[in-house]
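Novice: here is my input; please provide its structure:
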Amino acid sequence: MERYTNIMRMPMSMEGSNKALYHYRKPTVQNCKVTFADGSTYWEKMIFNDKFLSIKAEQNKLYLDEACTKLADVTRKQKIQECKRLGLI
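Specialist: Here you go, the predicted model:
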């Protein structure tokens, strides 16, 4: 006899194991710290998409603080190009 058991006591707001796992991990994901080859550090804001059950970073934006409230004066793409120009990557 096969049956589904919720051993980890994950919140079961929707059907399916992927959805349950997404809702279990979602609160634990925070904004990501990014360190470039030149030693500079910035933060990337994480975006949750409940419709497609995915987590991704904001496109091409960098922030100066962990809460992602102060926008940096450079973009991710510009910072990567700068590191390439300096021969670091």
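Novice: okay, CA-based contacts and neighbour counts for the rest of this
Specialist: Fine.
Novice: what segments of this structure are strands?
Specialist: 32-35, 41-44, 46-49, 54-57 (DSSP state E).
Novice: Ala72 is nearest to which of those strands?
Specialist: Between Ala72 and the strands of the chain, the tightest spacing by Cα to Cα is seen for strand 41-44, at 7.9 Å.
Novice: closest one to Arg85 among the strands of the chain?
Specialist: strand 32-35 (16.9 Å).
Novice: show me what the closest one is packed against.
Specialist: strand 41-44 (3 or more Cα pairs under 8 Å, 6 or more residues apart in numbering; DSSP states H and E).
Novice: other SSEs contacting the strand it packs on?
Specialist: strand 32-35.
Novice: other residues contacting the strand it packs on?
Specialist: Defining contact as Cα atoms under 8 Å, 6 or more residues apart in numbering, one finds that strand 32-35 is touched by 41-46, 66.
Novice: now, among the residues you listed, which is nearest to Gln78?
Specialist: Using Cα to Cα, the contacts of strand 32-35 come closest to Gln78 at Tyr42, 13.0 Å.
Novice: surely the closest one touches Leu64?
Specialist: Yes: counting by Cα atoms under 8 Å, Leu64 is a contact partner of Tyr42 at 5.4 Å.
Novice: the more surrounded of those two?
Specialist: Ranked by neighbour count (other Cα atoms under 10 Å), Tyr42 and Leu64 place Tyr42 first, with 19 against 16.
Novice: what bridges to the more buried one?
Specialist: Val34 (DSSP bridges).
Novice: that one and Lys56: what is the separation?
Specialist: Remark: distance between Tyr42 and Lys56 (Cα to Cα, to the nearest Å) = 16 Å.
Novice: can you pull out the low-pLDDT segments for this protein?
Specialist: The model of the chain has pLDDT under 70 over residues 1-24.
Novice: residue nearest the centroid of it?
Specialist: The centroid of the chain falls nearest to Met46 when counting by Cα atoms, centre = their mean (3.8 Å).
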